[in-house]
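A.B. asks: I need the structure of the sequence given here:
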Amino acid sequence: MDIDCLHHVALPCSDLERSRRFYQEVFGLVEIPRPALPVAGAWFRIGNHQELHLVVGDPHTTFRGTKGMDSNDIHFAVRVKDYREVLDALKAKGYRENAHPNDPMSIRTSMRVGYPQIYILDPDRNIIEINAVSTG
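C.D. replies: All right, here's what the predicted structure looks like:
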């Protein structure tokens, strides 16, 4: 198998409009056309070739529930060019490093893998890692 790239990540959401706003306002993602499917959702472009697919899901089967921030739990990661710029932008939107891990506005930072990482939760408590080559 000669894999070219990761094509998309699909995430469950309970409120499509709330999630749509989050990914547009926090990450600046642009929504792309989505085929007519039997379940509600939205697709976004990430970078040049990858996509994020939001799918309205069954709250009893696919959601993390009330789980807090745990960087070892299922998550996806995006790489950014400027770590400091992203950290400052998140803080300007109300995210806080000193917030409780269950707080939806919590930021967790780490350098444990050799590059800087930021972890945040989306409105349905899906974990997102934002990383960069350096803190630079």
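
A.B. asks: CA only for contacts and neighbour counts going forward, please
C.D. replies: Fine.

A.B. asks: contacts for stretch 112-127, please.
C.D. replies: Around stretch 112-127, the neighbours that count as contacts under CA atoms under 8 Å, 6 or more residues apart in numbering are 11-14, 18-19, 22, 63-71, 73-76, 83, 87, 104-111, 128-135.

A.B. asks: how does it look with 6 Å?
C.D. replies: 13, 75, 104, 107-110, 128-134 (CA atoms under 6 Å, 6 or more residues apart in numbering).

A.B. asks: same check, this time on stretch 36-53
C.D. replies: Outside stretch 36-53, the residues that reach it (CA under 6 Å, 6+ apart) are H7, H8, V9, A10, V30, E31, I32, L54, V55, V56.

A.B. asks: which of these fall within strands?
C.D. replies: H8, V9, A10, V30, E31, I32, L54, V55, V56 (DSSP state E).

A.B. asks: buried among the residues you listed? Make that a ChimeraX selection.
C.D. replies: In ChimeraX, a selection of the buried entries from those looks like this (16 or more other CA atoms under 10 Å):
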select :31,54,55,56
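
A.B. asks: and the ones in strands among the contacts of stretch 36-53, which is closest to D2?
C.D. replies: Distance ranking of the ones in strands among the contacts of stretch 36-53 against D2, using CA to CA, places H8 first at 16.7 Å.

A.B. asks: contacting residues around that closest one?
C.D. replies: Q50, E51, L52.

A.B. asks: residue contacts, S14?
C.D. replies: V56.

A.B. asks: show the contacting residues for the residue nearest to V80 when sequence neighbours are not counted.
C.D. replies: The spatial neighbour of V80 that comes closest, neighbours along the chain excluded (CA to CA, 6 or more residues apart in numbering), is A132 at 5.2 Å. By CA under 6 Å, 6+ apart, the contact set of A132 is R79, V80, Y83, P116.

A.B. asks: now do the buried residues in stretch 66-79.
C.D. replies: G68, M69, S71, H75.
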